[in-house]
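Q: Next come a sequence and a model predicted from it.
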Amino acid sequence: QRFDDGKIHCVYAGTFDPTKGGGSAAAATAAFLPENYHVHILGFGTEQQKKDLIEQIKKIQKTCKCTLTYGGLKSGEEYICFLQKCQIGLCTQIPDAKYTETSFPSKILVYMANGLRVLSPRIKAVEESGVGDLVYYYENQTSECIANSIREIDFSQPYDSRTRLQKLDKQFAFGLQNLLKGQG
């Protein structure tokens, strides 16, 4: 069940480590979104990272038009149910960090498995993946650019990330089965 308040709910769920962007970038985006949006920040970090992020959120809440909330760390069924209430999953990691050259952000698949549209920076590993055409992208790691990209997501277009993930899962299983047969 989605939230039933007429707002578009965006969620960032992940690390609060400022060297990876993540939570801080997602929270800062709220300053550029109108009142019909709600940005949820969930995740984990050191006590200091958590404290710093909560302070940042409090400052932004004083001036932003949209709703910005901190939801702490959720896991298991509570986490899954929460994600499924939202419409957009935010992957706001720093796109030019060294690790992005060789890693695919797992949160993208988690968001998609829960039916969310995903917004990500343009990262080669994401764009060239089996789900790259289902991801919405932003070009610059600025709060205003990320917010503009969020507002440009067209909910009138059909979107079915779960079916794509099921197809990719079957392809992988088939490929693995053939690989193992070839080894025998």
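A: Done, it's in. Numbers count the residues shown, from 1 in each chain.
Q: just checking, residue 38 touches residue 69?
A: Yes - Residue 38 lies in contact with residue 69 (CB atoms under 8 Å); the separation is 7.1 Å. For the C-beta atoms, the positions are set from N, CA and C on the backbone; glycine is no exception.
Q: From the neighbour counts alone, determine which of these two ranks first.
A: Higher neighbour count among residue 38 and residue 69: residue 38, with 20 against 14, using other CB atoms under 10 Å.
Q: Next, that one: secondary structure please.
A: Assigned state for residue 38: strand (three-state reduction, DSSP: H, G, I helix; E, B strand; the rest coil).
Q: ditto for residue 42
A: strand.
Q: just checking, what packs against the lowest-mean-pLDDT helix or strand in the chain?
A: Lowest on mean pLDDT, DSSP states H and E among the helices and strands of the chain sits helix 161-183, with a mean of 85. Under the contact definition 3 or more CB pairs under 8 Å, 6 or more residues apart in numbering; DSSP states H and E, helix 161-183 sits against helix 106-113.
Q: Could you list the low-pLDDT ranges of the chain?
A: 97-100, 102, 183-184 (pLDDT under 70).
Q: show me what contacts the spatially most central residue of it?
A: Geometric centre of the chain, nearest residue: residue 90, 2.6 Å, by CA atoms, centre = their mean. The contact partners of residue 90, by CB atoms under 8 Å, 6 or more residues apart in numbering, come to 10, 11, 12, 26, 29, 39, 118, 119, 146, 150.
Q: and the first one, what element?
A: What it means is residue 10. strand 8-15 (DSSP states H and E).
Q: That strand: which residues count as buried?
A: Under the neighbour-count criterion of 16 or more other CB atoms under 10 Å, strand 8-15 has 8, 9, 10, 11, 12, 13, 14, 15 buried.
Q: Generate TSV for the residues you listed, with distance to residue 56 as supplementary columns.
A: Putting the buried residues of strand 8-15 into TSV (distance: CB to CB, whole Å) gives the following:
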residue	distance to residue 56
8	22
9	20
10	16
11	17
12	13
13	17
14	15
15	15
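Q: now for the residues you listed, which pair is the farthest apart?
A: Farthest pair in the buried residues of strand 8-15 (CB to CB) is 8 and 15. Separation: 23.8 Å.
Q: could you say which helix or strand contains the closest residue to residue 146 other than its chain neighbours?
A: Of all residues not flanking residue 146 in the chain, residue 29 sits nearest, at 4.6 Å (CB to CB, 6 or more residues apart in numbering). Using DSSP H and E, the element containing residue 29 is helix 22-29.
Q: got the angle between that helix and helix 106-113?
A: 60 degrees (axes from the mean of the first three to the mean of the last three CA atoms, to 10 degrees).
Q: quick one: the strand holding residue 10 to chain centroid distance?
A: In terms of CA atoms, centre = their mean, to the nearest Å, the centre of strand 8-15 is set 6 Å apart from its chain centre.
Q: Noted, bye for now.
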